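**Q** sequence first, predicted model second:
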Amino acid sequence: MVLRLYNTLTRAKEEFVPLDTSRVRMYVCGPTVYDFAHIGNARPVIVFDVLFRLLRHLYGEAHVEYVRNVTDIDDKINARAQERRGSRAILDAVRELTAETGRIYHEDVAALGCLPPTHEPRATEFVPGMIALIERLVAGGHAYESEGHVLFDVSSNPDYGKLAHRTLDEMIAGARVEIAPYKRGPMDFVLWKPSDETLPGWPSPWGRGRPGWHTECSAMSEALLGETFDIHGGGIDLVFPHHENEIAQSESAHAGRALARVWLHNGFLNAEGEKMSKSLGNFVTIRELLADWPGDVLRLNMLRTHYRQPIDWTVRGMNESWTILERWYEGAEPVASRRMGEPFLDALLDDLNTPQAIAELHRAEPEELAGGLVLLGFSPDPGRIAARPPIPVEEIAHDIEARNSVRKARNFQEADRIREDLATKGILLEDNPDGTTSWEVKR
RNA sequence: GGCCACGUGGCGGAGUGGUGACGCAGCGGUCUGCAAAACCGCGUACCCCGGUUCAAUUCCGGGCGUGGCCUCCA
């Protein structure tokens, strides 16, 4: 049983060997809490939840540590809080916004069947560690102060670009943005920036200010997982600059010792063939989807595509996922079973090939089906994906009764009329072999 | 402009140097008053052009197309 993972750092599938099998460590970049999470944000959460579950299966539940941070220091948060602060202090508005958004996020992600991570650090709890990290970088000649900012000197890190697989020259050649006057090098990035009285800020050797985004993850991962850990994950758009910069600052602060050994990145998600964006109006939140679809359906729909491939998120696809899940949940043995098929597990071990694993589930015996579903984070219980209860159940029962009595009288014309009538309301009748009639919602 | 992915049947989606994964839809059958569900059966797909090879969808080169990153972004 060998787990192989595609490492962005080497661009190859590698055998996964933890530094310490009694403490397997994974860090995944979590949400910036200023707005509802959209379905694209759900992809890494679900993908890395599956990996978390697989690692727990392989190494034992007590031996896997999963950290997913919450970014609650950010200029988008400040801007949003400013809009809705009213007469309150900005800090109160920020606190309220991040607390509320964080709560919604947790509800959404739980509905998608994701386990809580082992640790969920918030940036505001780790500011002293960030300052200490920056001080180390300044002392080591990797960072400099300029106009109240502290910047990372990219030229001090010969490895810079190793994750993105791009040289400094290539990046500078492709730069499309004006270079801030306080930067020495065009690719230098901010570790610390000044805050005026209207913004959240913390005292520091460089005055009252706040950390840059990349700094948060470096400080929190070090505090909770140590200098070097096993897996660092996130969306593919984070490869550059976020993860590249995390590597640069962490490894510069740690005498070149690796930040993470394996870097994993999930692909992007499009909606109905188009990039999801607010301007196109196809920006769909997890919350909105959960109003119309069971969380398990969204989860399966996500897992039917390999995590590194792009997904085209469509209503058609979700309907298909729902159909599959209904059949599975009816056929799966009660959840007590934890047995799973070898081909199923082999598929997951091969760089988390969930589409292949799902194909194996279609071939599996009921007990193995249940075991596989549980490992993937599903709850094989028909009630969990039962039709929502919008339906006038009593009225339907009454109609069915009426229909069955005319059927007994062999008045099939009237029986079919009742069936048609219900069908126009989206209710599909099924006459079972034992003489009973059941119904379901037609989609 | 620079860097990087991807292009498989009606649709979704794995995979492989040589017998058409798997699912959804569709069609045929069993069953049924008729349906539905369930079960059984049915499909000669790999963007184009070259090259390597006994053999390429799979490897190499070129082309076309789609998408991503280079700026906040999962």
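**A** Structure's in. What do you need? Numbers count the residues shown, from 1 in each chain, chains lettered A, B, ... in the order given.
**Q** which parts of the stretch 151-300 of chain A sit against RNA strand B?
**A** Proximity of the stretch 151-300 of chain A to RNA strand B, by Cβ under 7 Å from any atom of the strand, involves residues A:164-166, A:170-171, A:173-177, A:213, A:234-242, A:266, A:268-270, A:275-276. C-beta here means a position set from N, CA and C on the backbone, and glycine is covered the same way.
**Q** can you select the buried ones among these for me in PyMOL?
**A** Typed into PyMOL, the line below selects the buried ones among these, using 16 or more other Cβ atoms under 10 Å:
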select buried, chain A and resi 164+166+171+213+234+235+236+238+239+241+242+266+269+276
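**Q** from the residues of the stretch 151-300 of chain A next to RNA strand B, which land in strands?
**A** Under the assignment DSSP state E, these contribute A:234-235, A:266, A:269-270, A:275 to strands.
**Q** nearest to RNA strand B, of these?
**A** Taking Cβ to the nearest atom of the strand as the measure, residue A:235 is the one of these closest to RNA strand B, at 1.3 Å.
**Q** including distance to residue A:33 and pLDDT, could the ones in strands among the residues of the stretch 151-300 of chain A next to RNA strand B go into JSON lines?
**A** What follows is these, written out as JSON lines (distance: Cβ to Cβ, whole Å; pLDDT from 0 to 100):
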{"residue": "A:234", "distance to residue A:33": "16", "pLDDT": "93"}
{"residue": "A:235", "distance to residue A:33": "17", "pLDDT": "92"}
{"residue": "A:266", "distance to residue A:33": "20", "pLDDT": "93"}
{"residue": "A:269", "distance to residue A:33": "20", "pLDDT": "89"}
{"residue": "A:270", "distance to residue A:33": "25", "pLDDT": "86"}
{"residue": "A:275", "distance to residue A:33": "23", "pLDDT": "75"}
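**Q** backbone dihedrals for residue A:230, please?
**A** Backbone dihedrals for residue A:230, given as degrees, to the nearest 10, come out at phi -80, psi -50.
**Q** quick check, residue A:4 in contact with residue A:353.
**A** No. If you go by Cβ atoms under 8 Å, residue A:4 and residue A:353 don't touch, sitting 9.8 Å apart.
**Q** so residue A:25 sits in a strand?
**A** Yes. Counting by DSSP: H, G, I helix; E, B strand; the rest coil, residue A:25 falls inside a strand.
**Q** bridging residues for the closest residue to it other than its chain neighbours?
**A** With sequence-adjacent residues excluded and distances taken as Cβ to Cβ, 6 or more residues apart in numbering, residue A:25 is closest to residue A:229, at 3.7 Å. Beta bridges link residue A:229 to residue A:260, judged by DSSP bridges.
**Q** any idea how many residues pack against residue A:229?
**A** Counted with other Cβ atoms under 10 Å, the neighbours of residue A:229 add up to 25.
**Q** for it, which residues are in contact?
**A** When contacts are counted by Cβ atoms under 8 Å, 6 or more residues apart in numbering, residue A:229 touches A:19, A:25-27, A:221, A:259-261.
**Q** swap in residue A:223?
**A** By Cβ under 8 Å, 6+ apart, the contact list for residue A:223 reads A:121, A:126, A:129.
**Q** look up how far RNA strand B lies from the residue nearest to residue A:25.
**A** Separation of residue A:229 from RNA strand B (Cβ to the nearest atom of the strand, to the nearest Å): 18 Å.
**Q** which single one of the ones in strands among the residues of the stretch 151-300 of chain A next to RNA strand B is nearest to residue A:339?
**A** Lowest distance from residue A:339 to those (Cβ to Cβ) belongs to residue A:266, with 28.9 Å.
**Q** so the closest one makes contact with residue A:236?
**A** Yes. Counting by Cβ under 8 Å, residue A:236 is a contact partner of residue A:266 at 6.4 Å.
**Q** joint contacts of these two?
**A** The contact lists of residue A:266 and residue A:236 share residue A:308, where a contact means Cβ under 8 Å, 6+ apart.
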